[in-house]
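**Student:** Task: produce atomic coordinates for the following.
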Amino acid sequence: MSQFEKLALFIDGPNLHATSKALGFEIDYKRQLEEYRRRGPLLQAFYYTPIAEDQEYSSIRPLIDWLDYNGYTVVTKATGEFLDASGRRKVKGNKNIELAVDAMELAEHIDQMILFSGDGDFRSLIRAVQRRGVSVTVVSTIAVQPIVADELRRQADDFIELAQLKPKLGRDPADQFGPATDAGNQESGSTE
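**Tutor:** Numbering: from 1, shown residues only. All right, here's what the predicted structure looks like:
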């Protein structure tokens, strides 16, 4: 990656949170921005997450607010509830369409797309962005569950194991600066 390549980050919030948590660390979003700004002109850093709009307080709200005020473009989608075939209550809040639309709109302005997700649903998006001349790096894991979808990893131009980024992106537990990223209920909005 040349330091003159224009970059954009696309972060599947619940997927990144679950993956980093499984790897035993939290993402320091301030360090994440700094790291990618060093690599080249960072045109935009998107963070996508479902949020329960009908709750008075959501545990992810402080993180969303911090990201929004500190250089990220936060894209939220209200979750919906439904009953599955066996009558169990499920929560749905899929933000994949929003991510795909934003990536396609930005593709003509960037050289490098960095996707923080292991969701195989993004394979078609990666292929479409690549046809527009954009190189795609997927950041996820093959070390623990949830692992990256094999078809996503194979479609990407480059794959980075998230565990390798811990020294650069991991939050120091003693560091109180930055957002309280333990949005523990972040996965409560299913990413189906």
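**Student:** avg pLDDT for stretch 6-21?
**Tutor:** Taken as a whole, stretch 6-21 has a mean pLDDT of 95.
**Student:** Distance across it, terminal residue to terminal residue?
**Tutor:** The first and final residues of stretch 6-21 sit 29 Å from each other (Cα to Cα, to the nearest Å).
**Student:** buried set for that stretch?
**Tutor:** Within stretch 6-21, the residues that qualify as buried are 7-21, counting by 16 or more other Cβ atoms under 10 Å. Bear in mind the C-beta positions are built from the backbone N, C-alpha and C, glycine included.
**Student:** and if you look at stretch 95-115?
**Tutor:** Counting neighbours by 16+ other Cβ under 10 Å, one finds that the buried residues in stretch 95-115 are 95-96, 99-100, 102-103, 106-107, 110-115.
**Student:** In helices only, show me those.
**Tutor:** Of the positions in these, N96, L99, A100, D102, A103, L106 sit in helices, assigned by DSSP state H.
**Student:** In this structure, what helix or strand scores lowest on average pLDDT?
**Tutor:** Evaluated with mean pLDDT, DSSP states H and E, the helix-and-strand set of the chain has its lowest mean pLDDT in strand 89-92, which scores a mean of 60.
**Student:** Parallel or antiparallel, which strands does the longest strand along the chain pair with?
**Tutor:** In the chain, assigned by DSSP state E, the strand with the most residues is strand 42-51. Each strand paired with strand 42-51, and its direction, by DSSP bridges: strand 7-12 (parallel), strand 73-78 (parallel).
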